[in-house]
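> Show me how the following folds:
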Amino acid sequence: MIYTVTFNPSLDYIVEVKDFKQGVVNRTNDEHIFPGGKGINVSIVLKNLGFDSVALGFTAGFTGIEIEEKVKAHGCNTDFIRLESGLSRINVKLKSNEESEINGQGPSISKESLDKLMVKLEALTEEDILVLAGSIPTSLPEDIYENILKRLADKNIRVVVDATKDLLLNVLKYHPFLIKPNNHELGEMFGVTLKTNEEIITYAKKLKDMGARNVLISMAGDGAILLTEDGREYFSKVPKGTVVNSVGAGDSMVAGFIAGFLESNELEKAFKMGVATGSASAFSEELAKKDDVLRLLATI
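Numbering: from 1, shown residues only. Sure thing, here's the model as predicted:
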């Protein structure tokens, strides 16, 4: 089974205002509410591609109930831990002449609640895949990802990590199966600005040297690069299409990679599937659907 962890899920309230003006009443032209969070996005796209997963994490209050209901409505399995107080966050995304976001803080997660999650994770076996994705709330220790991989180190679980800076760097010694920074995040880890594919590959190799088995670098409209554990390097341009909404495209790439690998057991095919799936989400208002993914896959 595939398990995804979203520590701080959200309701994403996306509103479109034709000509937003500060200091006055504005009315929306369009609005949508989606369940948000990188792990949740991975679970939803996996389901769209025909793969079951279990979405783990923490929810609180009436917003947490709505998050769970919306995730289930996508056909996903959930096993969230309910917190006794607080509210799961609402993230407001305003689309107008410019795009703006206001992200909520989310509830406080106690040690007792975190221990409940650890019990669930320690039940995983080598037959499972674990996806750790996204930022963590301030109530959790900064080394939480590292602690999880340390406790699971002897289980031979294939772990996928999509995180930034120290959250990612500190887990490399536990040899995650796949990591997926984007090119900007990769540069931030080493304090450099990366401008060419050669520079990106050079620094991606450093992540491999530090322990990552496979390194997938997303580069938005410039494509993607994969460095594999057996020393191969792949580059792909993105398929032709119009970017409608880039939110969730990176998470979709992760889901597509996992789906492609499970279908073929081949990293090259997984890479192509990842690129097609990320692109399908970017070219749509919603997360990638299987028919769109397969159509784009044929062009890669």
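> can you map out the helices along the stretch 201-300 of the chain?
Remark: helices assigned in the stretch 201-300 of the chain by DSSP state H, counting those that start in this stretch are 249-264, 267-282, 290-297.
> The stretch 1-150 of the chain now?
Here the stretch 1-150 of the chain has its helices, by DSSP H, counting those that start in this stretch, at 38-48, 61-73, 111-122, 144-151.
> Convert the C-alpha atoms of the last one to CSV, please.
Output in CSV follows, covering the C-alpha atoms of helix 144-151 (Å, rounded to 0.1, in the frame of the first residue of the first chain):
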residue,chain,number,x,y,z
ILE,A,144,10.4,15.3,12.4
TYR,A,145,11.1,13.9,8.9
GLU,A,146,14.5,12.7,10.1
ASN,A,147,13.0,11.1,13.1
ILE,A,148,10.4,9.2,11.0
LEU,A,149,13.1,7.8,8.7
LYS,A,150,15.3,6.9,11.6
ARG,A,151,12.6,4.9,13.2
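> any idea which of the helices of the stretch 1-150 of the chain is most buried?
helix 38-48 (a mean of 28; mean count of other C-beta atoms under 10 Å). In this view, the C-beta of every residue, glycine as well, is placed from N, C-alpha and C.
> ok, residues contacting that one?
Outside helix 38-48, the residues that touch it by C-beta atoms under 8 Å, 6 or more residues apart in numbering are 2, 4-6, 9, 35, 52-57, 67, 71, 74-76, 131-134, 162, 248, 250-252, 254-256, 258-259, 277, 281, 287-290, 293.
> Repeat the analysis, applying 7 Å as the threshold.
2, 4-6, 9, 53, 55, 57, 71, 74-76, 131, 133-134, 162, 248, 251-252, 254-255, 258-259, 277, 287-290 (C-beta atoms under 7 Å, 6 or more residues apart in numbering).
> Quick one: closest of the helices of the stretch 201-300 of the chain to residue 106.
In terms of C-beta to C-beta, the element of the helices of the stretch 201-300 of the chain nearest to residue 106 is helix 249-264, at 17.9 Å.
> hey, where'd the strands end up in this protein?
Assigned by DSSP state E, the chain shows strands spanning 2-6, 10-16, 30-36, 53-59, 77-78, 81-82, 89-95, 99-102, 129-133, 158-162, 178-179, 214-218, 224-227, 233-236.
> For the last one, which strands pair with it and how are they oriented?
Right, strand 233-236. Applying DSSP bridges, strand 233-236 is found paired with strand 224-227 (antiparallel).
> Only whichever of the contacts of helix 38-48 are buried, select them in PyMOL.
PyMOL command restricting the contacts of helix 38-48 to the buried ones, with burial defined by 16 or more other C-beta atoms under 10 Å:
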select buried, resi 2+4+5+6+9+53+55+57+71+74+76+131+133+134+162+248+251+252+254+255+258+259+277+287+288+289
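> how close does residue 112 get to residue 37?
Counting by C-beta to C-beta, to the nearest Å, the gap from residue 112 to residue 37 is 22 Å.
> With residue 144 instead?
Taking C-beta to C-beta, one finds residue 144 at 15 Å from residue 37.
> Let me know how buried residue 92 is, in neighbour terms.
Here the number of neighbours of residue 92 (other C-beta atoms under 10 Å) works out to 15.
> what comes up buried for stretch 157-175?
Buried-residue list, stretch 157-175, by 16+ other C-beta under 10 Å: 157-164, 167-172, 174.
> distance between the ends of stretch 147-157?
15 Å (C-alpha to C-alpha, to the nearest Å).
> repeat for stretch 13-26
First residue to last in stretch 13-26 (C-alpha to C-alpha) measures 15 Å.
> mind listing what's buried in that stretch?
Residues of stretch 13-26 classed as buried: 13-15, 17, 20 (neighbour count, 16+ other C-beta under 10 Å).
> Tabulate the strands of the chain (a markdown table), appending distance to residue 265.
As requested, these are exported to a markdown table (distance: least, C-beta to C-beta, whole Å):
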| stretch | distance to residue 265 |
| --- | --- |
| strand 2-6 | 15 |
| strand 10-16 | 34 |
| strand 30-36 | 31 |
| strand 53-59 | 18 |
| strand 77-78 | 24 |
| strand 81-82 | 33 |
| strand 89-95 | 37 |
| strand 99-102 | 39 |
| strand 129-133 | 13 |
| strand 158-162 | 12 |
| strand 178-179 | 14 |
| strand 214-218 | 13 |
| strand 224-227 | 15 |
| strand 233-236 | 16 |
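> In contact with residue 87: list those residues for me.
Here residue 87 is in contact with 60-61, 63, 107 (criterion: C-beta under 7 Å, 6+ apart).
> and the two most separated of those?
The distance between the two most remote of the contacts of residue 87 (C-beta to C-beta) is 9.4 Å, for 63 and 107.
> with the buried residues of stretch 157-175 in mind, which one is nearest to residue 103?
Nearest to residue 103 among the buried residues of stretch 157-175 is residue 164, at 15.0 Å by C-beta to C-beta.
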